[in-house]
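Asks: Just to be clear, the model below is a prediction. Sequence and coordinates:
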Amino acid sequence: MEIDLSAIFNSNTQAYREAFVGTLLVRMQKRDADLTLPYIKHGANAYNAREVDKRVVNPFLKGKGIPSSGGPFLSSLRRGVKFVPATAGGIRDDKAFGAFLSLIAYVARTEADEELRRLLVRVLYCFLDLREQSKIPVGKVARLSVPQIERLVDGLLNVKSGGQYPLFIVVATFHAIKEALNLPWDIAHQGINEPDAPGKQPGDITISSAGKLLIAGEVTERVVDKARVVTTFAQKIVPAGVEDYIFLVKFKTAAPLPEALEQAQQYFNQGHEVNFADIKVWLLAVLTTFGKQARTAFITKMTSLLDSEDVKKHLKVAWNEEIQKLTKI
């Protein structure tokens, strides 16, 4: 029987294909494992899928330069989910998830070692094909004016990137400030869909100096409401002792609600700084204020972030297209 792997390999959600190869390996080694139960707490025949990914799958993918996430059980498949149809209610790409479940069902009823090995070879070939597709040279440019950067950012923020472009822009802007002022900052960021707790970071991006946390920020494309501010305060700001927390959003499409601003003001009155910034407005203010060195640092960092093997092909293509538009002017 020829099965279709295209749905999980064409999906923007990397977790399904990464989890599937781990599930396939478990089936090859442990026939009595219930492949729908990837967390030990699920029951007697459950298995530790996260450990399989951490020790085998993720190191292999990273070591071979294959585009991959930080781990499927730290992102889309976290919080003890089961590989059952009921889980689809909280899944973004339910079509790919459905295909993922069908593949697991097929593997679960396959007994022949030869068939499982043949499927594993096909899966690995698909991963290698992803690697080849991702090898797109990222267009580089020596310098851009502020108006050119504004047009560039307008184009990038309209790309469906799963939040990666907003995050990259914010990270590169902080690097621009650091370079322009020669600040002793350590700038750390994590994947936009990765949970903060496992990485022990209070946000998508953190700025520290000499071990002291200075700023933490959350980059989001969703509207920030009061509940989100309250949750962030309780789960991130207070435990980490963050003195300055910033929500970086696109005001044009996702301006914070008045109730969120009011809640932030209440925290300010209690001595806590919780602020909101429009990504584009903030970026242009920084690059205009701190001059050529900041603009050069911004472009250099953006190209560096995009050059990563983990960045999807369409994001690199989008960057190259925007750069081509600017250089033709």
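Replies: Nice, thanks for sending it over. Numbering: from 1, shown residues only.
Asks: rest of the way, CA atoms for contacts and neighbours
Replies: Will do.
Asks: Could you break this protein into its assigned domains?
Replies: 6-134, 146-327 (automatic domain parsing).
Asks: Now tell me what touches the helix or strand that residue 20 is a member of from outside.
Replies: In this assignment (DSSP states H and E), residue 20 forms part of helix 15-29. For helix 15-29, the external contacting residues (Cα atoms under 8 Å, 6 or more residues apart in numbering) are 8-9, 33, 35, 49, 52-53, 57-58, 68-69, 71-73, 75-77, 96-97, 100, 103-104, 107-108, 113, 116, 120, 123.
Asks: Give me the mean pLDDT for it.
Replies: Here helix 15-29 scores 95 as its mean pLDDT.
Asks: what's the average pLDDT for the helix ranked longest in the chain?
Replies: Across the chain, the longest stretch assigned as helix under DSSP state H is helix 113-134. When pLDDT is averaged along helix 113-134, the result is 92.
Asks: Please export the C-alpha coordinates of that helix as PDB.
Replies: In PDB, the C-alpha atoms belonging to helix 113-134 read as follows (Å, rounded to 0.1, in the frame of the first residue of the first chain):
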ATOM      1  CA  ASP A 113       9.700  -5.000   9.700                       C
ATOM      2  CA  GLU A 114      10.500  -4.600   6.000                       C
ATOM      3  CA  GLU A 115       7.400  -2.400   5.400                       C
ATOM      4  CA  LEU A 116       8.300  -0.200   8.400                       C
ATOM      5  CA  ARG A 117      11.900   0.200   7.300                       C
ATOM      6  CA  ARG A 118      10.700   1.100   3.800                       C
ATOM      7  CA  LEU A 119       8.400   3.700   5.200                       C
ATOM      8  CA  LEU A 120      11.200   5.100   7.300                       C
ATOM      9  CA  VAL A 121      13.400   5.500   4.200                       C
ATOM     10  CA  ARG A 122      10.600   7.400   2.500                       C
ATOM     11  CA  VAL A 123      10.100   9.700   5.400                       C
ATOM     12  CA  LEU A 124      13.900  10.400   5.600                       C
ATOM     13  CA  TYR A 125      13.900  11.100   1.900                       C
ATOM     14  CA  CYS A 126      11.200  13.700   2.400                       C
ATOM     15  CA  PHE A 127      13.200  15.300   5.200                       C
ATOM     16  CA  LEU A 128      16.200  15.500   2.900                       C
ATOM     17  CA  ASP A 129      14.000  17.000   0.200                       C
ATOM     18  CA  LEU A 130      13.000  19.700   2.600                       C
ATOM     19  CA  ARG A 131      16.700  20.500   3.300                       C
ATOM     20  CA  GLU A 132      17.400  20.900  -0.400                       C
ATOM     21  CA  GLN A 133      14.400  23.200  -0.800                       C
ATOM     22  CA  SER A 134      15.500  25.300   2.100                       C
END
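Asks: counting contacts, what elements does that helix pack onto?
Replies: The contact analysis (3 or more Cα pairs under 8 Å, 6 or more residues apart in numbering; DSSP states H and E) places helix 113-134 against helix 15-29.
Asks: Which SSE is immediately downstream of the helix it packs on?
Replies: Counting by DSSP H and E, the element after helix 15-29 in chain order, helix or strand, is helix 49-52.
Asks: And that next one, what does it pack against?
Replies: Using 3+ Cα pairs under 8 Å, 6+ apart as the contact criterion, the elements in contact with helix 49-52 are helix 15-29.
Asks: okay, the angle between the helix it packs on and helix 113-134?
Replies: Direction vectors for helix 15-29 and helix 113-134, defined by axes from the mean of the first three to the mean of the last three Cα atoms, to 10 degrees, enclose an angle of 150 degrees.
Asks: list the buried ones in helix 15-29?
Replies: By neighbour count on 16 or more other Cα atoms under 10 Å, the buried set for helix 15-29 is 15-28.
Asks: Can you give the contact residues for the longest helix of the chain?
Replies: So helix 113-134 is in contact with 5, 9, 21, 24, 28, 65-67, 107, 110, 309, 311-313, going by Cα under 8 Å, 6+ apart.
Asks: what pairs with the strand or helix carrying residue 245, and is each one parallel or antiparallel?
Replies: Taking DSSP H and E as the definition, one finds residue 245 inside strand 244-249. When pairing is defined by DSSP bridges, strand 244-249 lines up against strand 212-220 (parallel), strand 273-278 (parallel).
Asks: what's the pLDDT at residue 62?
Replies: For residue 62, the pLDDT comes out at 89.
Asks: Could you find the closest non-adjacent residue to it?
Replies: Once flanking residues are discounted, residue 62 sits nearest to residue 68: 7.0 Å by Cα to Cα, 6 or more residues apart in numbering.
Asks: and that neighbour, that one's in a helix?
Replies: No. The assignment for residue 68, made by DSSP: H, G, I helix; E, B strand; the rest coil, is coil rather than a helix.
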